[in-house]
Structure formats: C-alpha cells, structure tokens
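[1] Starting from these lines, generate the structure:
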Amino acid sequence: MAEVRANGIDIWYETAGNPQDPALLLIMGLGAQLIDWPAGFVEQLTGHGLHVVLFDNRDSGLSSGFDEVGLPDLPAVLAGDRSSVPYLIPDLAADAAGLLKELGIERAHVVGVSMGGMIAQQLTLDHPELVASLTSIMSTTGARGVGRPRPEAAAVLMRPPAADRAAAIAGAVAGSRVIGSPGYPAPQAELERRAAAKYDRGYRPQGTMRQYAAIVASPDRTAGLREVSAPTLVIHGADDPLIPVDGGEATAAAVPGAELLVIPGMGHDLPAPLWSRIADAIAANTRRAQDPPQH
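    Sure thing, here's the model as predicted:
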C-alpha cells in the first residue's frame, strides 16, 4: 500500500498482480474503502492477467478528508440546494484520473461498484482517453427516479453515526443484512470481520455524508453515456434494494452496445459464490477492448 498526491489530495492505493499486465482500476462505493474489495475477488481478476489498482476515494479510508468544511445540509441538498456540497462525482472522477496519471498508467480498464460505478461512468465521460473498457456494477446513471433505494435500504443510508466501535460494527452488520444478497447470505462471522476491519482502518461517517451529498447533487450522466465508445458491461443484482435493477437497466440502455448481466439472488454486495462469474464477465469485457471489431 502506498500514497500519492493527485488532483490536490492524498490518495491511498495498492496494487495486485503483474505490473506488465493490462491495468484494471477498481473504484469502491459510498463510505467504502479499498479493503472492501474482497481479496479472493481481486485474486480472480489478477488470475485473468490483469494488474489491479485499488484505492480509497476522498473522504474514505486513508485518503484525504474534508472534515474542515463540515457536514452538508442534506435536507437542503435533497431539495435542490447544492451550496453546502463541497464536491461532486466529477471531482471524484478527477481523483481517479489523477491517480492513473501519477502511476504512469496511460489507459486502464475501469470497474466501479455503486457510487464507484457512478465515478467510473464519469471518468469515462471526462477522460475517455484513459478508459479502455468500463464495467458498472450495482450502479445507476443519476437520472432522477431511476435506481431509487427501497425504504428499508434508504433507512440504512440515514443511520446516525455510531457512538462506539461495538455499535458501529453491529450497525454495519445489520445494514449488510438489509442490502446484501438474499440468494447468497454472507456468514455472520465474515460480516463482523469486515465491519471491524473497516472501523479500525478508518471510520469516517462525516465523509460518507459528504459523498452521499455528492451523489444527490451530481448531474444526470445519461446524455453523456450515449457518446461512450469504450466496451461497456453493466452488472446488477436482480434483488438489489439499495440501487434497484432499473438503475443498471438504464445504464445499459444509455451506452451504445453495452452488455447487461442481471444476476438473480444478488443484492448490493459481492457475494463469494459469484466472484468467479463476475470476474469472468469483467475479463471478457476487457478482451472486447483488445479484439478488433468484426465486420
């Protein structure tokens, strides 16, 4: 693990696999850290001959935070007032672009989950020269009324910060049960292990609120996505309560030639039984970028 200065902030990242292999940038979601990418899943990707780069978004994990600007006024943001929002999804995409440039990576295959999918989409719009292929997982376009959380999942987003470590871990586990895959429930011990690791590495609920404000305040990407030429794969769980499947369907419909993979029983997580299927699909999409088009 290492740190670089990019786009005016400090970004923590790590890599896996052979640096001589094609680069694959993984972008995590709301309040998530690079350790939220399951190690076994990353191994599957490196096994496909990909050099994986993972990083902490701003305001999460060990990357630069924005605590000095305070909390956004979420009711105002939801009502359309962006004045308390310190950054938007395009700023997070600029962070990712800056990281690639600092690492000397001219082009990368880009994969994002949830908010990370939004960042990956925006990176493809703003820096198409950097993106060899795009995979957007359990994400949406930013179009109003699409990919809206169900009430029980929205309640997970709105939980107040925990008072202590035990409460934070318990809350994270409970939230995972609400939004996770009903067809592939994670073992309790594994959820507790992950929640503890995240808390101990970097518990930053204020940063999560600013990231959420960025999602709400950022513009709809649909029109831009219609211009994307990079091979695009959209993966979504059929049973995702946090960003329902219509978010993925809208993304795939917007991008010319996009492939849509909807997985029954999958919610808003990356369950171990699906790692190989998802990694195989990502690898196949990277090959679409390398193969000449058939005439």
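[2] Let me see the ranges of the strands in the stretch 51-200 of the chain.
    For the stretch 51-200 of the chain, applying DSSP state E, counting those that start in this stretch gives strands covering 51-55, 108-113, 131-137.
[3] Against Pro241, how distant is the residue nearest the centre of the chain?
    Against the mean C-alpha coordinate of the chain, by CA atoms, centre = their mean, the closest residue is Gly116 at 2.1 Å. To Pro241, Gly116 is 18 Å away according to CB to CB, to the nearest Å. Every C-beta, even on glycine, is put in place using the N, C-alpha and C of the backbone.
[4] In stretch 106-124, which of the residues would be classed as buried?
    Using 16 or more other CB atoms under 10 Å as the test for burial, stretch 106-124 gives 107-124.
[5] again, but for stretch 256-269
    258-263, 266-269.
[6] In a markdown table: the residues you listed, plus secondary structure.
    Listed next are these as a markdown table, based on DSSP: H, G, I helix; E, B strand; the rest coil:
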| residue | secondary structure |
| --- | --- |
| Ala258 | coil |
| Glu259 | strand |
| Leu260 | strand |
| Leu261 | strand |
| Val262 | strand |
| Ile263 | strand |
| Met266 | coil |
| Gly267 | coil |
| His268 | coil |
| Asp269 | coil |
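[7] Looking at these, which is nearest Leu233?
    Leu233 has its nearest neighbour among these in Glu259, at 5.0 Å by CB to CB.
[8] State the distance from the closest one to Lys101.
    Glu259 is 29 Å from Lys101, by CB to CB.
[9] could you give the angle of the helix or strand encompassing Val42 to strand 51-55?
    Assigned by DSSP states H and E, Val42 belongs to helix 39-47. If you take axes from the mean of the first three to the mean of the last three CA atoms, to 10 degrees, helix 39-47 sits at 140 degrees to strand 51-55.
[10] any residues touching helix 39-47, and which ones?
    For helix 39-47, contacts defined as CB atoms under 8 Å, 6 or more residues apart in numbering pick out 16-18, 21, 24, 26, 52, 54, 270, 272, 275-276, 278-279, 282-283.
[11] Figure out which of the strands of the stretch 51-200 of the chain is closest to Gly31.
    If we rank those by CB to CB, the stretch that ends up nearest is strand 108-113, at 12.3 Å.
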